[in-house]
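Asker: Here's my sequence, what's the structure:
(3 chains)
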Amino acid sequence: MAKLTYREAVRAAMREAMAADPRVFLMGEDVGLHGGAFAVSMGLFEEFGPERIRDTPLMESTFVGAGIGAAVGGMRPIVEVMTINFSLLALDQIVNTAAALRHMSGGQLSVPLVVRMASGGGRGLAAQHSHSLEGWYAHVPGIKVATPATVADAKGLLLAALADPDPVLVFEHATLYPMEGEDADDTPMTLGRAAVRRAGDDVTIIAYGGSLPKALAAADALAAEEIAAEVLDLRTLRPLDVEAIVASVAKTHHAVVVDEMWRTGSFAGEIAAIIMERAFDELDAPVARVASAEVPMPYSKPLEDAALPSAEKIVAAARRLFS
Amino acid sequence: MGEFVLPKLGADMSRGRLVEWVKKPGERVARGEVIAVIETDKANVEVEAYDSGTLEKILVAPGSEWLPVGTPLAVIGGEEVQSAPAPEVPRAPPTLPVSAPRDSPPAPAPRAPARAPEAPRPPVRPREAPRAAPAPRAAEGARLHVSPAARRRAQALGVDIATVRGSGPDGRIVLEDVEAAARGASLAAPVPAADKRTRMREAIAAAMARSKREIPHYYLATTIDLGRALAWLASYNAARPVTERMLYGVLLLKAVALALRQVPELNGFWIEGHAQVSEAVHLGVAISLRGGGLVAPALHDADKLALPELMTRLQDLVTRARASSLRSSEMTDATITVTSLGERGVEAVYGVIYPPQVALVGFGKVVTRPWAVDGAVRPREVVTATLSGDHRASDGHRGGIFLDALDRLLQEPENL
Amino acid sequence: MTNDEIKAKVLAALAAVAPELEPDQLAPGANLRDELDIDSMDALNFLVGLSKAFGIDVPEADYRKLSTLDAIVGYVAARIGKR
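Answerer: Numbers count the residues shown, from 1 in each chain, chains lettered A, B, ... in the order given. As a prediction, this is how the structure comes out:
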């Protein structure tokens, strides 16, 4: 399988979708001539032209709303919102319109919209570009939330999102864009399936998106201490693969949930609650959470590093389950 | 639906025999109601239900063999049954030798605050170090820490969780501990049944040996002038028929209960490496039994009872203790023990703390001694009050404050 | 009431607090407290028993007079005889 970067994988998915389906188009801020703020759509403008790679004004509410309208009208829009923080300007469109229309129309309307956005910290971009709010969206019924953490998933989950009849938000952790990995094969992916990225018997590290590489690094470190960690990549937060979580915890009896959201109200809290509800008798220790410090993301690199989950913090949390 | 299991009624209880079902299948049971009579090594105890519901099924017939603490005795169902307590109770398989050490307890607390946990470690398994971590079940407070997975595995393997030593964080019993215990369980050998007196001695021996092994005792003594208290009592009793008279011991008990409010760290438990102060004052009153042995059932909320009520309760408690009809809450709730050996002329008693309690107050005989009163030496009736304290939970300085408070309270008997 | 009747009732009250009491073995002049291992609570319960059996209330000041079976029988006889 060919090697490519996460960024290239997203681009490849969009290219493939647009080539296969004339209803698919991309719009967002600077996605055209500039190639996207994170260079994800680089070259697509040249390839598909301004009709299908559309630059928008800096007005998230408007262009996400336009995407909803296009989706309801029969198109398959991909809307790129530059960062998760900016998506808050489109929150009304996403939550009150995109998520609700199918239900409010008695199933007459569907909104096959895909909204992609960069999420997460670690790039020194401070408190207006670095947050992790995907759990907020996962809270809302009517939309689906994908958090691809691998190169293959960056492509496969985006294609699955495009194939879905309902709005799907795809959160691309910005630190992952340059990451290299293997391309997806041609098997279509399904939203709502978690994946065991590394097998182990002693503790389950549950992660998604930008936390997955940290979880894998932590598992390496734990292996040196003879703690065999299983790393479970959630891949989508809604639908959530509860059975995979339960199955892994039933095997290891210990769980560390890694989440870049702030600890209070984090999605990790939801995971911990599910484990408690569904796998209480399997637990040999309380579920541990590794989440972000309760501060708006600091600009200073050392402070930002201190605020975010890290492999070291995951290792420490796992260790505490045993002694 | 919940299981009603053989509760652990004190540090020295590891097993029991079902004597009688007070409730019949199909009958409603209210929390705190007596449901069965259990014979322990020390006494017959009326065991109270720790949940309300319907007694659905009786699992153990009266006149049973000795059963380990935690053995399911009945099924209680109904909407009021909380599922919570049931899984916390260790299930001991009936096949397990009765002699297996049971360190921990979990009899769900029918009443409030404090529950005496932990059992003695019979000498049959010396390979295990004494456990410092009793496992209490308290309605509020610590209890045996067992991971859910370990609890379930223990059931599957037939391991009495109370016999397992926790190696996890904060002493939690984890899967590995249960599995290790299952591997080692075959080492325990059954002890031959002994007669009642022998069994009581064994139970006392285990609790007291554990106390002296684990508890760093300190001892304080002070002599208290009882002149005022006895004079007040004499005039109180003079005006009353014999049925309404009080013994001076009641004044001592009430004073102890009130003094504990000033030094609360003496009232409670030392459990799993931590002090657990009890808000309620349940005095364990050491009662010697005719023919030997003793029990120390709880006088609940002694600090809140008026003296005549306290006297009535004490009288009732002593009578029932000697008639072997105590209730389970009385066997488990005491937060401190008070002992008095003055009846037989002993001047001072330096007692052994009943684990996991953290203090014991002793009183000797009331004796007439030359005493300095207002600069002159006069004969006064005095008593030696002693405190045995667990140095992990309190210090001598605080113990001294307690004895001082006790003294002052006894100088104003009318305010007790 | 004869002294024997009084004695029988006294023994019954004693047996209530000291169930292992064997009346034949009890010397009439023996100190009950020592002989029967009676403590103050037993003593009080015994006095309550006496009060029920004979309708007399023993004041605290008289307690020390009641140290032996004979003494008790005599005391009770005197008390009920006075009425």
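Asker: quick one: residue B:390 and residue B:358 touch, right?
Answerer: Yes. Using C-beta atoms under 8 Å, residue B:390 is in contact with residue B:358, at 3.9 Å. For every residue, glycine as well, the C-beta is placed using N, CA and C.
Asker: intersection of neighbour lists for the two?
Answerer: Residues touching both residue B:390 and residue B:358 comprise B:215, B:270, with contact defined as C-beta atoms under 8 Å, 6 or more residues apart in numbering or on different chains.
Asker: residue contacts, the nearest residue to residue A:293 once chain neighbours are set aside?
Answerer: Spatial nearest neighbour of residue A:293, chain neighbours left out: residue A:307 (4.1 Å); criterion: C-beta to C-beta, 6 or more residues apart in numbering or on different chains. Residues counted as contacts of residue A:307 (C-beta under 8 Å, 6+ apart) are A:121, A:292-293, A:295, A:297-298.
Asker: Turn those residues into a markdown table, columns for secondary structure and distance to residue B:404.
Answerer: Listed next are those as a markdown table, based on DSSP: H, G, I helix; E, B strand; the rest coil; distance: C-beta to C-beta, whole Å:
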| residue | secondary structure | distance to residue B:404 |
| --- | --- | --- |
| A:121 | coil | 60 |
| A:292 | strand | 54 |
| A:293 | coil | 50 |
| A:295 | coil | 51 |
| A:297 | coil | 58 |
| A:298 | coil | 56 |
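Asker: nearest to chain C, of the residues you listed?
Answerer: residue A:293 (64.0 Å; C-beta to the nearest C-beta).
Asker: Identify the residues contacting that closest one.
Answerer: Residue A:293 neighbours (C-beta under 8 Å, 6+ apart): A:262-263, A:306-308.
Asker: any chance of those in a markdown table, with secondary structure too?
Answerer: Listed next are these as a markdown table, based on DSSP: H, G, I helix; E, B strand; the rest coil:
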| residue | secondary structure |
| --- | --- |
| A:262 | strand |
| A:263 | coil |
| A:306 | helix |
| A:307 | helix |
| A:308 | coil |
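Asker: Tell me, how many residues neighbour residue B:368?
Answerer: Residue B:368: 10 surrounding residues under other C-beta atoms under 10 Å in any protein chain shown.
Asker: which ones are touching it?
Answerer: By C-beta under 8 Å, 6+ apart, the contact list for residue B:368 reads B:379-382.
Asker: Where neighbours are concerned, which of those has the most?
Answerer: residue B:382 (21 neighbours).
Asker: Assign it to helix, strand or coil.
Answerer: Once three-state DSSP is applied, residue B:382 turns out strand.
Asker: what helix or strand is the residue nearest to residue B:65 when sequence neighbours are not counted on?
Answerer: Excluding its sequence neighbours, the residue lying closest to residue B:65 (C-beta to C-beta, 6+ apart) is residue B:17, at 7.0 Å. Assigning secondary structure by DSSP states H and E places residue B:17 in strand B:15-21.
Asker: now swap in residue B:61 and tell me
Answerer: Here residue B:61, judged by DSSP H and E, is contained in no helix and no strand.
Asker: Are any of the contacts of residue A:307 buried, and if so which?
Answerer: Neighbour counting with 16 or more other C-beta atoms under 10 Å in any protein chain shown marks A:121, A:292, A:297-298 as buried within the contacts of residue A:307.
Asker: now, the most widely separated pair of those residues?
Answerer: The distance between the two most remote of the buried ones among the contacts of residue A:307 (C-beta to C-beta) is 10.7 Å, for A:292 and A:298.
Asker: ok, back up a step: would CSV of the buried ones among the contacts of residue A:307 with distance to chain B be doable?
Answerer: Shown next, in CSV, are those (distance: C-beta to the nearest C-beta, whole Å):
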residue, distance to chain B
A:121, 30
A:292, 24
A:297, 31
A:298, 31
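Asker: Closest to residue B:226 out of these?
Answerer: residue A:292 (66.0 Å).
Asker: Show me which of the contacts of residue A:293 is closest to chain C.
Answerer: Using C-beta to the nearest C-beta, the contacts of residue A:293 come closest to chain C at residue A:263, 59.7 Å.
Asker: Look up how far residue A:295 lies from that closest one.
Answerer: Per C-beta to C-beta, to the nearest Å, residue A:263 is found 11 Å from residue A:295.
Asker: Near chain C, which residues of the stretch 201-350 of chain B? Just list them.
Answerer: Within the stretch 201-350 of chain B, the positions lying close to chain C (C-beta under 8 Å from any C-beta of the partner chain) are B:234, B:237-238, B:241-243, B:245, B:247, B:249, B:288, B:290-291, B:314-315, B:318-319, B:343.
Asker: Quick check: the residue nearest to residue B:65 vs residue B:205, distance?
Answerer: 20 Å.
Asker: who has more neighbours, the two?
Answerer: residue B:17 (18 against 14).
Asker: What distance do you get for that one to chain C?
Answerer: 22 Å (C-beta to the nearest C-beta, to the nearest Å).
Asker: and that residue, what are its bridge partners?
Answerer: residue B:39 (DSSP bridges).
Asker: what's the domain layout of chain B?
Answerer: Taking automatic domain parsing as the reference, chain B has its domains at B:2-197, B:215-415.
Asker: Least confident of the ones you listed, on average?
Answerer: Mean pLDDT per stretch puts domain B:2-197 lowest among the domains of chain B, at a mean of 66.
Asker: Compute the first-to-last residue distance for that one.
Answerer: 34 Å (C-alpha to C-alpha, to the nearest Å).
Asker: Enumerate the residues of the stretch 101-250 of chain B near chain A.
Answerer: B:147-152, B:168-169, B:172, B:174-175.
Asker: Need the max-distance pair from those.
Answerer: Among these, the pair separated by the greatest distance (C-beta to C-beta) is B:152 and B:169, at 19.0 Å.
Asker: More neighbours: which of those two?
Answerer: residue B:152 (18 against 15).
Asker: Chain neighbours aside, what residue packs nearest to that one?
Answerer: Leaving aside its sequence neighbours, residue B:152 sits nearest to residue A:281 (C-beta to C-beta, 6+ apart; 4.7 Å).
Asker: List the buried residues for the lowest-mean-pLDDT helix or strand in chain C?
Answerer: Ranked by mean pLDDT, DSSP states H and E, the weakest helix or strand in chain C is helix C:32-35, scoring a mean of 81. For helix C:32-35, the neighbour count (16+ other C-beta under 10 Å) marks C:32-33 as buried.
Asker: Same question for stretch C:60-75.
Answerer: For stretch C:60-75, burial by neighbour count (16+ other C-beta under 10 Å) applies to C:66, C:68-69, C:71-73, C:75.
Asker: One more: stretch B:49-58?
Answerer: B:49-56, B:58.
Asker: can you check stretch A:174-181 too?
Answerer: In stretch A:174-181, counting by 16+ other C-beta under 10 Å, buried: A:174-177, A:179, A:181.
Asker: Looking at the residues you listed, which one is closest to chain B?
Answerer: Of all those, chain B sits closest to residue A:175, with 32.4 Å by C-beta to the nearest C-beta.
Asker: for the residue of chain C found nearest chain A, helix, strand, or coil?
Answerer: Of all residues in chain C, residue C:41 sits closest to chain A, at 49.8 Å by C-beta to the nearest C-beta. Following three-state DSSP, residue C:41 is assigned to helix.
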